[in-house]
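1. Model the structure of this input:
(2 chains)
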Amino acid sequence: MGAQGRRFQGVLIVSALARKTNNASVPKNPGLPDNFAETVDREAGRGGAAPILSWETKRERRQKYILFLEDVSVSFDGFKALDNLTLYLNEGELRCVIGPNGAGKTTMMDVITGHTRPDSGEAFFGENLNLLDKDEVFIAQSGICRKFQKPSVFESITAAQNLVLAMKAHKTVFGTLAAKLSPEDNDYLGHILSLVRLTDKADKLAGTLSHGQKQWLEIGMLLAQKPKILLLDEPVAGMTAREIDRTTELLLSLEGEHSIILVEHDMEFVRSVARTVTVLHQGTVLAEGDIDFVSSHPEVIEAYLGGA
Amino acid sequence: MRIFDLSTKIFCLLLVLAVTFLSLGVMADPGSAFHVQPYTALIIGKYLCYAILALSIDLVWGYLGILSLGHGAFFALGGYAFGMYLMRQIGAKSVYAASDLPDFMIFIGWDKLPWYWLGSHSFLFSCLLAVLVPGLLGLAFGWTAFRSRVSGVYFSIISQAMTYALMLAFYLNNLGFGGNNGFTDFKTILGFDLRSNGMVGTLLAISGLTLLLSYLLCRYLAVSRLGLVLVAIRDNEPRVRFAGYRVETVKLFVFTLSAMMAGLAGALYVPQVGIINPSLFAPVFSVEMVVCVALGGRGTLYGAVFGAIMVNFCKSALTSAYPMAWPFVLGALFVAVAVFLPQGLVGLIFPQGERASKSALSRAFGPLARLFGRPGPGGPSGPAGEEDADETDSDGPGPEPPAEAGGQWGPKAVGSKVF
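-> I've put the predicted structure just below:
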């Protein structure tokens, strides 16, 4: 519980219970006014952060959040990459995760996508999908899509073909063999291409695109998968200022439609997109709240600058 | 349909014309101007079988990025399966003529056929066996290897070990496949004389037809969305998993299909060559076929066919003239192609992709530069080096090392990585 104790210092405990009305089965606490949480949120100047309400059961929390990680620990040869990490994601939320190198950001994504099995803890997607007993492929098919730190598009096929490949479909061997692009699919892919500003590059080999365009193409590939949760690992790394602006625009337009977890180092960028920022340090959540809150948080400053 | 692009049309036309001309030529009156020597037709038929084998290698290597150095095993198994039928056809015409047993079984003192020779008297059953046995081996081998995510050079090595182990097994007399003599001295097929001109022509035509159909099948796979998935697996296998495809299943499907195709080629090879023995299981045969594909050009299908026919033609010509020179010529050709023509010889004629626009000079020196670790002038460096570290960053080592990038065997990396 040490980790949680630390979380509690930095974070306002009560949060968006009442804001999310998508699940009627969550019991309201009779002692609080309906808009209590909203009021608190507004006054504190931050949205949906770190919400553990003591009267909630685990099941209710799973119902409430689209992504639910509790007390997840991963260690590699004694090195604790994740140490009792707890994180919840609301539906439609855009969450930034920041943290110094080695904080466990990528490992967290590995756990969510089924690439790494944690030593302990729980991870749920929605109410019932236990991420810990599913593999990468199943998780990807059920709607958690991941963009890698390094743009990993398929270089020897065209940009449009990359999207076709990623597109949500019946992805079995024979399903893929027989797959045809319907006119709707075509329109949809065209829409994505224009969204990521690659319409005129559709027939270029992905390997010939610029770095920024590859990043966009990969975001486009995720969108083609019609994901519920997008995990973006440093989407603006190596982009020019102008490309970053466009990416900001793109991500903000996706907010609400998709739930997004964004791992990023570029604080300017984080400031421009994030509502809620989670700071990871040594595999655990150090602080959670809005950008001003976390950037003035003494422990965060210590972690980034103090060589802890 | 996209299956029939220009190169496919040219290929089909050439193949159909050549095979029709040759097989009719064999059957023609020996006095006529169009007559073709049966010997020539048999040699060409053999080349066509090699071409089918090369095609099956290209499917898994050129598209999927799996370098199998054991495809000869599937070829040989197909050959043995059909060879069993040919042995049973000899029957009373054998030297010992004592019974229905093949001579070699009499040598080792067996008095009845072992159970696995049951059904070998049936032509159809043997044809089926020639496809199914290699298919099953491919399935079992692929399942074991892909499920434990063995890939890259490790896969190549164990595939070579697989064919070597089979070779040792088939050398055993007691296995019931004729030991190191294998099967030979075939007489008839379906009761027709195997050496008659009509049969030679028919076998050639069937080989040509099989090659044509295999080619079109591969082409169908390549232009389907599955073809995209194959190339994607070759370029960056872990990423394909995150796109929601079961990479292992896809690999297993294609590998098994390829093994079946190789088995079919073997079955056609045996009646035309007239002998099959365990030397076909030798790794050197499989490696030679891989060299054919690399020389012709990977990932194009027609390159593999061209490479197989050309290399084996040169081999026939050279080994009869200068028997000692052939290994050196093969080696030199191979090094030259690996360094200067990563797309193989057909890359000279139909350059692929972005390299199409590059000058011949940069084409020639790009790979050379890559050999020394710098990106060459001929486009971006192969996918291999770039993709390796995809999913690990400083956050800590993952439980598995980054998968051996399938892209290691991508077409652009020939010069620098494979050899």
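2. Burial check on residue 252, number of neighbours?
-> No chain was given, so I picked chain A. Using other CB atoms under 10 Å in any protein chain shown, the number of residues around A:Leu252 comes to 12. C-beta: built from backbone N, CA, C; applies to glycine.
3. other chain: chain B
-> 20.
4. Looking at it now. What's its pLDDT?
-> pLDDT recorded at B:Leu252 is 96.
5. so it makes contact with B:Phe141?
-> No. Between B:Leu252 and B:Phe141 there is no contact under CB atoms under 8 Å: 9.7 Å.
6. May I have the residues that are in contact with residue 104?
-> With no chain named, the answer covers chain A. A:Val74, A:Ala81, A:Leu82, A:Asp83, A:Leu85, A:Leu280, A:Gln282, A:Gly283, A:Thr284, B:Asp395, B:Gly396 (CB atoms under 8 Å, 6 or more residues apart in numbering or on different chains).
7. hmm, I had chain B in mind actually
-> With CB under 8 Å, 6+ apart, B:Phe104 has these contacts: B:Asn173, B:Gly178, B:Gly179, B:Asn181.
8. and the gap between it and A:Val263?
-> 68 Å (CB to CB, to the nearest Å).
9. try A:Leu131
-> Taking CB to CB, one finds A:Leu131 at 18 Å from A:Val263.
10. from the contacts of B:Phe104, which is closest to chain A?
-> B:Gly178 (37.8 Å; CB to the nearest CB).
11. Quick check: pLDDT value at residue 45.
-> Because you didn't say which chain, this covers chain A. So A:Gly45 comes in at 37 (pLDDT).
12. meant chain B, my bad for not saying
-> 95.
13. Give me the subset of the contacts of A:Gly104 lying in strands.
-> A:Val74, A:Ala81, A:Leu82, A:Asp83, A:Leu85, A:Leu280, A:Thr284 (DSSP state E).
14. Could you double-check that the fifth one sits in contact with A:Leu280?
-> Same thing as A:Leu85. Yes. Counting by CB under 8 Å, A:Leu85 touches A:Leu280, with 7.4 Å between them.
15. Can you check which residues contact both of those two?
-> Common neighbours of A:Leu85 and A:Leu280 (CB under 8 Å, 6+ apart) are A:Gly104, A:Met108.
16. Low-confidence ranges, the chain, go.
-> In the absence of a named chain, chain A is used. For chain A, the stretches flagged by pLDDT under 70 are A:1-56, A:306-308.
17. could you do chain B instead?
-> In chain B, residues with pLDDT under 70: B:1, B:97-99, B:352-419.
18. re earlier: A:Leu131 and A:Val263 - which one has more neighbours?
-> A direct count of neighbours by other CB under 10 Å for A:Leu131 and A:Val263 places A:Val263 higher, at 27 against 24.
19. quick one: contacts for the more buried one?
-> A:Val263 neighbours (CB under 8 Å, 6+ apart): A:Cys96, A:Val97, A:Ile98, A:Lys105, A:Thr106, A:Met109, A:Gln149, A:Leu231, A:Leu232, A:Asp233, A:Glu234.
20. who does it bridge with?
-> For A:Val263, the beta-bridge partners under DSSP bridges are A:Val97, A:Asp233.
21. what are the ranges of the helices in chain A?
-> Using DSSP state H, the helices assigned to chain A run over residues A:2-10, A:36-44, A:58-64, A:105-112, A:136-141, A:159-166, A:173-178, A:183-195, A:211-224, A:241-254, A:267-273, A:291-295, A:298-305.
22. Which other helices and strands does the fifth one contact?
-> With contacts defined as 3 or more CB pairs under 8 Å, 6 or more residues apart in numbering or on different chains; DSSP states H and E, the secondary structure elements packing on helix A:136-141 are helix B:237-242.
23. how much space between B:Phe242 and chain A?
-> Going from B:Phe242 to chain A by CB to the nearest CB, to the nearest Å gives 5 Å.
24. mind listing what that residue touches?
-> With the criterion set at CB under 8 Å, 6+ apart, B:Phe242 makes contact with A:Thr113, A:Glu136, A:Ala140, A:Cys145, A:Arg146, A:Phe148.
25. Let's see that with 10 Å instead.
-> A:113-115, A:136-137, A:139-140, A:144-148, A:152, A:166, A:221-222, A:225, A:231, B:236, B:390-391 (CB atoms under 10 Å, 6 or more residues apart in numbering or on different chains).
26. just B:Gly78 next, same as before
-> B:49, B:53, B:127, B:129-135, B:259-270, B:276, B:280.
27. tell me which element it is part of?
-> helix B:71-90 (DSSP states H and E).
28. and what of B:Leu226?
-> Going by DSSP H and E, B:Leu226 is in helix B:225-235.
29. Does chain A have contacts with that helix?
-> Yes. Helix B:225-235 reaches chain A (CB under 10 Å from any CB of the partner chain) through B:Arg225, B:Leu226, B:Gly227, B:Leu228, B:Val229, B:Leu230, B:Val231, B:Ala232, B:Ile233, B:Arg234, B:Asp235.
30. And the residue nearest to the spatial centre of chain A, how close does it get to B:Trp115?
-> By CA atoms, centre = their mean, chain A has its centre lying nearest to A:Ile261, at 1.6 Å. Per CB to CB, A:Ile261 is found 60 Å from B:Trp115.
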